[in-house]
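Asker: here is a sequence together with a model predicted from it:
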Amino acid sequence: MPQTPLKQPNFALALLTAARQWDELAQAVVNLELGEAIARPALMRLLPWLEAGPARVTDLARQADVSKQAVGQALSGCEARGWVAYSPDPSDGRATLVSLTSAGYEAVAHGRAVLARIEAMIADALGAERVTALGADLQQVSAILATHSALAFVSPPTGRARRQRGR
């Protein structure tokens, strides 16, 4: 059965689409400015967590919602560029911590500057007040979503779905 297009803009879909486009544009700009394809989605998810200080690879994987292998691959490129360093975890001799180096903090600052340039372009198009208000609204949306579990939105199974779940 063909799907009918939405008659009104869907807030969640618009938000997800804009976030994806913003992310892709920022990655493309960073890659062009660096002259190589270093900015990838897995790396972009990791850097904010590394900014907070030293972390275990397993914790980074959990926070970024990627596999330990994906974290390892992303970090190996960062290590080759001198952006991260490894050290023993003082609280657990079996574990290793990874942290940003000064060059890593510079790389993060470069990425944040790219994000700011994109935001400025959007502010030029929409108006600075509107972008500021939108940012505040999105922070509130994030806070609301952080307090809810997926279980609150799951409908009880009916008919065929109930029979399939019962197997």
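Answerer: Arrived safely. Numbering: from 1, shown residues only.
Asker: what's the closest non-adjacent residue to the residue sitting nearest the centre point of the chain?
Answerer: Taking Cα atoms, centre = their mean, the centroid of the chain lies closest to residue 45, which sits 4.0 Å from it. Distance criterion Cβ to Cβ, 6 or more residues apart in numbering; nearest residue to residue 45, sequence neighbours excluded, is residue 64 at 3.9 Å. No exception for glycine: its C-beta is placed from N, CA and C like everyone else's.
Asker: hang on, the earlier thing: where's the residue nearest to the centre of the chain, which helix or strand?
Answerer: helix 41-51 (DSSP states H and E).
Asker: can you check residue 16 too?
Answerer: Using DSSP H and E, residue 16 sits within helix 11-34.
Asker: could you say what helices and strands that helix packs with?
Answerer: Contacts defined by 3 or more Cβ pairs under 8 Å, 6 or more residues apart in numbering; DSSP states H and E place helix 11-34 against helix 41-51, helix 102-126.
Asker: list the buried ones in the shortest one?
Answerer: If I follow you right, that is helix 41-51. With burial defined by 16 or more other Cβ atoms under 10 Å, the residues of helix 41-51 counted as buried are 42, 43, 44, 45, 46, 47, 49, 50.
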